[in-house]
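Enquirer: Just to be clear, the model below is a prediction. Sequence and coordinates:
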2 protein chains.
Amino acid sequence: MSDLIYSAKIPEPALRRLPWYLSYVKLLKSQGETIVSSTQIAKKIDVSASQIAKDLSYVDISGKTRVGYDIDDLINVLESFLGFTNTHTAVVFGVGSLGAALLSDSGLEQFGLKIIAGYDVNPAIVNHAIHHIPVFHSNEFIERNKEMKAEIGVLTVPPGAAQEVSEYMIRGGVKAIWNFTPFRIRVPEGTVLQNTSLYAHLAVMFNRLNG
Amino acid sequence: MSDLIYSAKIPEPALRRLPWYLSYVKLLKSQGETIVSSTQIAKKIDVSASQIAKDLSYVDISGKTRVGYDIDDLINVLESFLGFTNTHTAVVFGVGSLGAALLSDSGLEQFGLKIIAGYDVNPAIVNHAIHHIPVFHSNEFIERNKEMKAEIGVLTVPPGAAQEVSEYMIRGGVKAIWNFTPFRIRVPEGTVLQNTSLYAHLAVMFNRLNG
């Protein structure tokens, strides 16, 4: 993939759609298909063919007119572009039920996220391992991360500690924070912040169920 | 909360912001505060005071001019409105690493989601329990759900099985699907669909890290 061009300019909505296309073309591959057109993807996914073609123009792949994209090429290019083939190291701060669950989710590693340590203050779990991943005392993070060099911090602490722990992780060298708490943390410019609020999604689902 | 009015008309962006406000006012309560204004919330959260006041107008709470909202009232009303105080029963289809992790996340129950069973086809886990929640063979779902009456189906199967399993869950009585797969499933009108793609969030984070 030496000819791959990473573009920082892809809009976030387009970026978020790429994993849908990847998922679908991987399914087609498993069914023995070798070529796919944007029209064919559009039939299965609620996005127009022209939007799909536009989204795919951000990645370094070209379809042949009236033929389509080579499925193997498309999978390789999308996986590289999305960062799933690189390994990004991460730590999990707050090894409660959700934090421990993420330590146990080996699926994340297949998508490029390798959790190398958990940090917590609870003596019952500090210095134990979960799913072969060590859990250390939070106080040791700055010192340990000089060697371990995790670049992503997964935030699963109680909301009241979210801001303080984020700042601490950034001091320890983390470049991106994946915030699972419902608290709106603030990060300095240059630090990447991704919010994933499972509880907000639950609220939307419950509200629609009642509606 | 007998005077609580559920409004189906709240726009989704407003609905998604409500858990942020709830999280922050719970933090204020833990710090001994009793009253909060929308201006005060706006200082901590990246939303304007007028937007916050508008969002809160969808829930049945009224602030006093130049004083603010009673924090206890606001927490009670938001938790009820968001459905976190009701119990919604759910099943998890696909007890792989993510599915098993969700079965282990007792935090979900505090937000109103009670997982009552897992379903899978893998003989190594069928008829075992994870975190005291039984895992049954997928074939048994329709029969078992006549009694168990789970209303939400959490979808954590491989992407290639996502559409088929969704339809099967709906036949078994599920009214809402929480889709964690990257596959874009389609559901009939009247069925609630909530997509939570951890992998799309990872892709956005990786892309920004490289940018």
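Expert: Structure received.
Enquirer: show me what contacts A:Asn139?
Expert: Shown here is A:Asn139, whose contacts under the criterion C-beta atoms under 8 Å, 6 or more residues apart in numbering or on different chains are A:Val121. Every residue, glycine included, has its C-beta placed from N, CA and C.
Enquirer: That one belongs to a helix, doesn't it?
Expert: Yes. For A:Asn139, which was evaluated using DSSP: H, G, I helix; E, B strand; the rest coil, the result is membership in a helix.
Enquirer: pLDDT value on it, please?
Expert: Here, the pLDDT recorded for A:Asn139 equals 97.
Enquirer: now swap in A:Ala8 and tell me
Expert: Taken from the predicted model, the pLDDT recorded for A:Ala8 is 48.
Enquirer: tally of neighbours for A:Trp178?
Expert: Counted by other C-beta atoms under 10 Å in any protein chain shown, the residues lying close to A:Trp178 total 23.
Enquirer: and the gap between it and chain B?
Expert: In this structure, A:Trp178 and chain B are 6 Å apart, going by C-beta to the nearest C-beta, to the nearest Å.
Enquirer: Which other helices and strands does the helix of greatest length in chain A contact?
Expert: Taking DSSP state H as the assignment, the helix of chain A that covers the most residues is helix A:12-30. Contacting helix A:12-30 under the criterion 3 or more C-beta pairs under 8 Å, 6 or more residues apart in numbering or on different chains; DSSP states H and E are the following elements: helix A:38-44, helix A:49-56, helix A:71-81, helix B:198-210.
Enquirer: Tell me the gap between it and the middle of its chain.
Expert: Taking the mean of its C-alpha atoms, helix A:12-30 sits 14 Å from the chain's own mean (C-alpha atoms, centre = their mean, to the nearest Å).
Enquirer: Partner strands of the helix or strand following it, with direction?
Expert: Once helix A:12-30 ends, the next helix or strand along the chain (criterion: DSSP states H and E) is strand A:35-36. Strand A:35-36 pairs in its sheet with strand A:69-70 (antiparallel), by DSSP bridges.
Enquirer: which other residues reach the strand it pairs with?
Expert: Residues contacting strand A:69-70 (C-beta under 8 Å, 6+ apart): A:Val25, A:Thr34, A:Ile35, A:Val36, A:Ser37, A:Ser38, A:Leu56, A:Ile61, A:Gly63.
Enquirer: Ok, stretch A:124-134 next?
Expert: With C-beta under 8 Å, 6+ apart as the criterion, stretch A:124-134 contacts A:95, A:100, A:103-104, A:106, A:115-118, A:120, A:135-137.
Enquirer: Likewise for stretch A:161-178?
Expert: Judged by C-beta under 8 Å, 6+ apart, the contacts made with stretch A:161-178 from elsewhere in the structure are A:90-91, A:93-94, A:138, A:141-142, A:145-146, A:149-155, A:157, A:179, A:181, A:183, A:185-188, A:191-194, A:196, B:201-202, B:205, B:208-209.
Enquirer: got CSV for the helices and strands packed on helix A:12-30, with mean pLDDT and distance to B:Leu18 too?
Expert: As requested, those are exported to CSV (pLDDT from 0 to 100; distance: least, C-beta to C-beta, whole Å):
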stretch, mean pLDDT, distance to B:Leu18
helix A:38-44, 90, 33
helix A:49-56, 93, 31
helix A:71-81, 94, 35
helix B:198-210, 89, 21
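Enquirer: among these, which is the most enclosed?
Expert: Burial of the helices and strands packed on helix A:12-30 is given as mean neighbour count (mean count of other C-beta atoms under 10 Å in any protein chain shown); helix B:198-210 ranks first at a mean of 21.
Enquirer: what helices or strands is it leaning on?
Expert: Here helix B:198-210 touches helix A:12-30, strand A:176-179, strand A:192-195, going by 3+ C-beta pairs under 8 Å, 6+ apart.
Enquirer: Could I get the pLDDT score of the residue of chain A positioned farthest from its centre?
Expert: Ranked by distance from the centre of chain A (C-alpha atoms, centre = their mean), the top residue is A:Arg66, with 33.7 Å. A:Arg66 carries a pLDDT value of 70.
Enquirer: So what's the residue count around A:Thr196?
Expert: 19.
Enquirer: Check A:Tyr119 too.
Expert: Using other C-beta under 10 Å as the criterion, A:Tyr119 is surrounded by 28 other residues.
Enquirer: Please report the distance of the closest residue to it other than its chain neighbours from chain B.
Expert: Nearest residue to A:Tyr119 in three dimensions, chain neighbours excluded: A:Ser138, at 4.6 Å (C-beta to C-beta, 6 or more residues apart in numbering or on different chains). Plainly put, A:Ser138 is 19 Å away from chain B if you go by C-beta to the nearest C-beta.
Enquirer: dump the residue contacts of A:Ser138.
Expert: Applying C-beta under 8 Å, 6+ apart, the residues contacting A:Ser138 are A:Phe93, A:Tyr119, A:Asp120, A:Val121, A:Val165, A:Tyr168.
Enquirer: Kindly report the same for A:Ala117.
Expert: Counted by C-beta under 8 Å, 6+ apart, A:Ala117 has contacts A:Val91, A:Val92, A:Ile133, A:Pro134, A:Val135, A:Phe136, A:Arg144, A:Met148, A:Ala150.
Enquirer: quick one: least confident of the contacts of stretch A:124-134?
Expert: Among those, A:Ser106 carries the weakest pLDDT, at 81.
Enquirer: Could I get the contacting residues of the closest residue to that residue other than its chain neighbours?
Expert: Leaving aside its sequence neighbours, A:Ser106 sits nearest to B:Ser97 (C-beta to C-beta, 6+ apart; 4.6 Å). If you count contacts by C-beta under 8 Å, 6+ apart, B:Ser97 has them with A:Ser104, A:Asp105, A:Ser106, A:Gly107.
Enquirer: Pull out the buried residues from those.
Expert: The neighbour count (16 or more other C-beta atoms under 10 Å in any protein chain shown) marks A:Ser104, A:Asp105, A:Gly107 as buried among these.
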